[in-house]
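K.L.:
Generate coordinates for the sequence data below:
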Amino acid sequence: MPKPRSGKNTIAASEISQYVYCPVSWHLKRSGVPMESPGLERGAAEHERAGGCLRLAARRERASSMLCRAGLLLAFAALILLGWILWTHS
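P.N.:
Residues are numbered from 1 along each chain as shown. From the prediction side, this is the model:
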């Protein structure tokens, strides 16, 4: 059975989720950068900005989906109306 490694190269399971959230923050924390540094404050601001962009994209995607459904409904109604007109004038 392999012997567990210890030291700086060992990555804890909890660090994986931290890395997935923000690789830069994970690297800085692992490198010993203090949690109260200007770089981390700037990083938090960038995360907030990116989150705002993602929220805007999600709202636009929902609006686009609703407009697509409305367009399909109108197209279906137009086909029914056209069928009714052709049926009654035949």
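K.L.:
C-terminal to the helix or strand of the chain with the lowest mean pLDDT, what's the next element?
P.N.:
Lowest on mean pLDDT, DSSP states H and E among the helices and strands of the chain sits helix 23-30, with a mean of 83. Note on helix 23-30: by DSSP states H and E, the next helix or strand toward the C-terminus is helix 38-88.
K.L.:
Show me what that following helix is packed against.
P.N.:
helix 23-30 (3 or more CB pairs under 8 Å, 6 or more residues apart in numbering; DSSP states H and E). (Each C-beta comes from the backbone N, C-alpha and C, glycine too.)
K.L.:
gap between the helix it packs on and the chain center?
P.N.:
21 Å (CA atoms, centre = their mean, to the nearest Å).
K.L.:
Next: stretch 65-77.
P.N.:
For stretch 65-77, the distance to the chain centre is 26 Å (CA atoms, centre = their mean).
K.L.:
returning to what we had before: now the least confident helix or strand of the chain: buried residues?
P.N.:
Counting neighbours by 16 or more other CB atoms under 10 Å, one finds that the buried residues in helix 23-30 are 25-26, 28-29.
K.L.:
Going by distance to residue 43, which of the residues you listed wins?
P.N.:
Set against residue 43, the nearest of the buried residues of helix 23-30 by CB to CB is residue 25 (6.0 Å).
K.L.:
Quick one: residues contacting that closest one.
P.N.:
Contacts were defined as CB atoms under 8 Å, 6 or more residues apart in numbering; by that measure residue 25 touches 18, 40, 43.
K.L.:
so how far is residue 50 from it?
P.N.:
Residue 25 is 13 Å from residue 50, where distance means CB to CB, to the nearest Å.
K.L.:
which neighbours do these two share?
P.N.:
With CB under 8 Å, 6+ apart, residue 25 and residue 50 have no common neighbours.
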